[in-house]
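Trainee: have a look; sequence and predicted model below, questions after that.
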Amino acid sequence: MPVKPKKTTRAKKSKKVKKPAAKATAKKAKKARKSVAKKTAKKAAARKSPATKTVKKHKQGKRKPAKTPVRKAANKRVAKAPKEKTAWRISPAISQSVVDVDIWKKGDLKIEHLTVYRSGWIIVDELPDLSDYNPDEGVNIFEEFEFEEHQLLDGSEETSFFPKELPLEECERLMSLSEAELVDEGWTIESATRFNGPLLVEQV
């Protein structure tokens, strides 16, 4: 009879010892899981938060400068828009067909001084009607056309025609005078520039 109660007491003690050990391990496991979960959540939050900030920074950085270049580019395009302007260049088709004529007059006397140029041209804003143009007669460009730009190139030949009644010595003296001196002696001048032969009309 005394043997039995000893066994029961040992069995009970062993059970009592095992139960708190199991509870302690379970609690430790729960705490360990919670701490691991918290750490992983913190790490995940730490990883996610800078990513969202960098995305916001990139978006803000892209949005702000994108507006200004578009406006500047639009302004530049408007400023650089070319104005449509049409003009034509008229010139003789044959070389040495430009003649500059100076006619000096005094009473019944007339002196003609001619200068032939290799080429020349004028720029007009409106295309002229050349249907009645006669290449053999040519045209006085200052009478027939309205233009602001013109050029005569390479004056190659000069010729003067004097009245027959003037002696040779007087002709030579008049040739040596300047235009101002001729005007002082009572001579007046009329000038004309003529294009002769066929004409070229080119759009510029």
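Mentor: Received it, and whenever you're ready, just let me know what you need.
Trainee: let me see the domain layout of this structure.
Mentor: Per automatic domain parsing, the domain ranges recorded for the chain read 1-81, 88-203.
Trainee: thought residue 130 was touching residue 199?
Mentor: Yes - Residue 130 sits in contact with residue 199 when judged by Cβ atoms under 8 Å, with a separation of 6.6 Å. Heads up, the C-betas are built off the backbone N, CA and C, glycines and all.
Trainee: okay, the two: which has more neighbours?
Mentor: When residue 130 and residue 199 are compared for neighbours, residue 199 comes out ahead with 18 against 12, by other Cβ atoms under 10 Å.
Trainee: would you check how far apart the more buried one and residue 149 are?
Mentor: Going from residue 199 to residue 149 by Cβ to Cβ, to the nearest Å gives 16 Å.
Trainee: picking up where we left off before, pick out the shakiest of the domains of the chain, pLDDT-wise.
Mentor: The weakest mean pLDDT among those belongs to domain 1-81, with a mean of 49.
Trainee: so what would you say the end-to-end distance of stretch 163-183 is?
Mentor: Stretch 163-183 has its terminal residues 18 Å apart, counting by Cα to Cα, to the nearest Å.
Trainee: please enumerate residues in contact with it?
Mentor: Stretch 163-183 is contacted from outside by 104, 109-111, 160, 162, 185, 189, using Cβ atoms under 8 Å, 6 or more residues apart in numbering.
Trainee: how about it: buried residues?
Mentor: For stretch 163-183, a neighbour-count test (16 or more other Cβ atoms under 10 Å) marks 174, 182 as buried.
Trainee: could you show me where the helices are in this protein, in order?
Mentor: Ranges of helices within the chain are 3-79, 141-144, 168-176, 179-184, based on DSSP state H.
Trainee: would you mark the buried spots in the longest strand anywhere in the chain?
Mentor: Counting residues, the longest strand found in the chain (DSSP state E) is strand 109-124. Residues 111, 113, 115-117, 120-122, 124 are the ones in strand 109-124 that count as buried (16+ other Cβ under 10 Å).
Trainee: farthest pair in those?
Mentor: Using Cβ to Cβ, the buried residues of strand 109-124 span at most 31.7 Å, a distance reached by 111 and 124.
Trainee: just grab the bridge partners of the residue nearest to residue 202 when sequence neighbours are not counted for me.
Mentor: Leaving out its chain neighbours, the residue that sits closest to residue 202 by Cβ to Cβ, 6 or more residues apart in numbering is residue 89, at 4.9 Å. Beta-bridge partners recorded for residue 89 (DSSP bridges): residue 123, residue 202.
Trainee: settle this for me: residue 89 is touching residue 121, isn't it.
Mentor: Yes - between residue 89 and residue 121 there is a contact at 5.2 Å, judged by Cβ under 8 Å.
Trainee: quick check: closest non-adjacent residue to residue 127.
Mentor: Once flanking residues are discounted, residue 127 sits nearest to residue 88: 5.5 Å by Cβ to Cβ, 6+ apart.
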